[in-house]
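> The following comprises the amino acid sequence and a computationally predicted model.
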Amino acid sequence: MNAEPSPSAEDTYEAPAILVDDAVVFPEMEVSLTVHEPKSVAAAAQAFKEHNLVVLIPAPSVDGAVGSIGTLVLLRGASPDQGSASQPTWKGLWRVKVDGVVAKDPYVRVRFSRAEWVYDSPQERSEMMKAVFGQIDEFVEALPGLPQEIVSFLKEVDDPGKLADLCAYSPFFTRGERLDLLKTLDPEKRLEKVHVLFEKQLGNLKRLATAPMILECATCIDLADKAFEAGPTTGAKVAREFLDHVAREHPDELLGLIAERYGPSFMRRRALR
């Protein structure tokens, strides 16, 4: 199956469910995730037997799952062998609301309904969309290594909810921030939250541009010299001291270095395939 399921008579559905506490998948995004927990592997295997559909619930346990917001995903790839880990490709389809737990063994199975906000696309982009596009331009200036194909793709989006979901895969966002965006059904409000988060990160990058640099810090220079002069074992210990100091005293610059070095790769991996 490579398409969305057809609406049922009552607009409710059933499917196997996988509970994850370390990942958030948004509609229209495609990622690779590995599941190891036996019930999760069993749920993936059952999904391949049915319609390749599974509900991904970002929660640590089934307790309290009813009423939560998750994502209906389409699994692509090989079905896992019994007892082995599963690493299919996950294609996000819908936001869903978990209406009930049908079974807990040998895998979790839930009843759910679609939770997307009905949105009529306006003739022109909203002011909030224009503001976020402006922020993307600022990121391009601050981080010139950002993949141009991703920037161009974002600039072509004409729906605020979809734009918010695509931006949610920024390496700057925490899991908690992504989870909040997943739970925010109103597309304009979701994009407003992205705008606030982007503004915070842009502020960090601007402060980084004026803050004392690591190369100007006497402690950093001293620890770096000791690490280079020492042997592999001792040097590694001093290097950890250096990293601890940088994380504590130069967090903004460290974030900028990570974003500059690894941000483009992270974004490519999270980009829509």
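Nice, I can see it.

> how far away is Ser61 from Cys220?
In this view, Ser61 and Cys220 are 43 Å apart by CB to CB, to the nearest Å. C-beta: built from backbone N, CA, C; applies to glycine.

> Between those two, which is the more surrounded one?
A direct count of neighbours by other CB atoms under 10 Å for Ser61 and Cys220 places Cys220 higher, at 18 against 10.

> and the helix ranked longest in the chain, which residues are buried?
Taking DSSP state H as the criterion, the chain has its longest helix at helix 187-210. Of the residues in helix 187-210, 187-188, 190-195, 197-198, 201-202, 204-205, 208 count as buried by neighbour count, 16 or more other CB atoms under 10 Å.

> Please apply the same query to stretch 249-257.
250, 252-256.

> Distance to Ser126, pLDDT and secondary structure for those - can I get that in TSV?
As requested, the buried residues of stretch 249-257 are exported to TSV (distance: CB to CB, whole Å; pLDDT from 0 to 100; DSSP: H, G, I helix; E, B strand; the rest coil):
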residue	distance to Ser126	pLDDT	secondary structure
His250	38	81	coil
Asp252	31	73	helix
Glu253	35	78	helix
Leu254	35	81	helix
Leu255	30	75	helix
Gly256	30	74	helix
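
> Just the pLDDT at Trp117, thanks.
Trp117 is assigned a pLDDT of 72 by the prediction.

> quick check, it in a strand?
No. Trp117 sits outside any strand when classified using DSSP: H, G, I helix; E, B strand; the rest coil, being coil.

> what helix or strand is Lys55 on?
Quick fix: residue 55 reads Val, not Lys. For Val55, the host element (DSSP states H and E) is strand 53-57.

> Give me the sheet partners of that strand and which way each runs.
strand 13-19 (parallel), strand 69-76 (antiparallel) (DSSP bridges).

> and the first one, average pLDDT?
Think strand 13-19. Here strand 13-19 scores 95 as its mean pLDDT.

> and the next element down the chain from that strand?
Once strand 13-19 ends, the next helix or strand along the chain (criterion: DSSP H and E) is strand 30-32.

> And for the longest one?
As assigned by DSSP H and E, the chain's next helix or strand after strand 69-76 is strand 89-103.

> Quick check: buried residues in the next helix or strand after that following strand?
Sequence-wise, the next helix or strand downstream of strand 89-103 (DSSP H and E) is strand 108-114. Buried positions in strand 108-114, judged by neighbour count with 16+ other CB under 10 Å: 108-112, 114.

> Same list, those, but as JSON lines with distance to Pro38 and pLDDT please.
Listed next are the buried residues of strand 108-114 as JSON lines, based on distance: CB to CB, whole Å; pLDDT from 0 to 100:
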{"residue": "Val108", "distance to Pro38": "11", "pLDDT": "96"}
{"residue": "Arg109", "distance to Pro38": "15", "pLDDT": "97"}
{"residue": "Val110", "distance to Pro38": "18", "pLDDT": "96"}
{"residue": "Arg111", "distance to Pro38": "22", "pLDDT": "96"}
{"residue": "Phe112", "distance to Pro38": "22", "pLDDT": "96"}
{"residue": "Arg114", "distance to Pro38": "29", "pLDDT": "94"}
